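*Asks:* Sequence first, predicted coordinates after that:
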Amino acid sequence: MWYTHGMSTQPAGVTSPTDPESALAKLGLALPTPAKPVAAYVPTRMCGSMLFVAGQVPFRDGQMMFKGSIPTAVTVEQGIECARQCALNGLAAAKAALGDLRRIKQVVRLGVFVASEAGFYDQPKIANGASELMVSVFGEAGRHARAAVGSIALPLGAPVEVEFLFEVTAGECP
């Protein structure tokens, strides 16, 4: 049942996937192998019913998809693709922590950082690459609060980095 401010409705066009990995498969996507940390941090941290996933950069098959700032070195379209890959990487990290993505009750927040050149103001457009994937995978539970922030540079030359906060069901984490 869908609850929005006391109402029991499901928005038009938003489905309620019971299995996030099936939803990914229907989109033609699969979870990658989770990336190993490249500095002094852990990839995830549980706190009560909240799972924090450290910032994910757009690694695909062990390589950075694109490097540099948006919009000159990396196009807006490539930036959106990078944000989507960051979201896949974040889900892979969450699955490694939880054992099963079905434990995610809702996506609470995304923090999206965009390596931006002076005068570039479309960070929200880039962030939509990650946000829209969360809704496609989790339905209404994928809608979230978000920050889309411009940065002069990001780690390893990444054009985009995304961090995640998920509310999860109780259970042991591997």
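*Replies:* It's in.
*Asks:* For the longest strand seen in the chain, buried residues please.
*Replies:* Counting residues, the longest strand in the chain under DSSP state E turns out to be strand 104-115. The neighbour-count check on strand 104-115 (16 or more other C-beta atoms under 10 Å) flags 104, 106-108, 110-115 as buried. C-beta here means a position set from N, CA and C on the backbone, and glycine is covered the same way.
*Asks:* Check stretch 69-77 too.
*Replies:* 69-71, 74.
*Asks:* Surely residue 142 touches residue 130?
*Replies:* No: if you go by C-beta atoms under 8 Å, residue 142 and residue 130 don't touch, sitting 10.4 Å apart.
*Asks:* quick one: which of those two has more around it?
*Replies:* Using other C-beta atoms under 10 Å as the criterion, residue 142 and residue 130 rank with residue 130 on top: 28 against 20.
*Asks:* Pull up the gap between the more buried one and residue 118, please.
*Replies:* Distance, residue 130 to residue 118, by C-beta to C-beta, to the nearest Å: 24 Å.
*Asks:* next one: residue 46
*Replies:* According to C-beta to C-beta, residue 46 and residue 118 sit 39 Å apart.
*Asks:* Which of the two has more residues huddled nearby?
*Replies:* Applying other C-beta under 10 Å to residue 46 and residue 118 shows that residue 46 carries more neighbours, namely 13 against 7.
*Asks:* Return the backbone torsion pair for the more buried one.
*Replies:* Main-chain torsions, residue 46, degrees, to the nearest 10: phi -90, psi 140.
*Asks:* Quick check: beta-bridge partners of it?
*Replies:* For residue 46, the beta-bridge partners are residue 51 (DSSP bridges).
*Asks:* Let's verify residue 34: helix, strand, or coil?
*Replies:* Secondary structure, DSSP: H, G, I helix; E, B strand; the rest coil: residue 34 is coil.
*Asks:* how many neighbours does the closest residue to residue 37 other than its chain neighbours have?
*Replies:* Leaving aside its chain neighbours, residue 37 sits nearest to residue 43 (5.7 Å; criterion: C-beta to C-beta, 6 or more residues apart in numbering). Applying other C-beta under 10 Å, we find 20 other residues in the vicinity of residue 43.
*Asks:* follow-up on the earlier one: between the buried residues of stretch 69-77, which is closest to residue 151?
*Replies:* Set against residue 151, the nearest of those by C-beta to C-beta is residue 69 (8.7 Å).
*Asks:* ok so, going back, mind listing the strands the longest strand of the chain pairs with, and their directions?
*Replies:* Assessed with DSSP bridges, strand 104-115 is paired to strand 145-151 (parallel), strand 160-168 (antiparallel).
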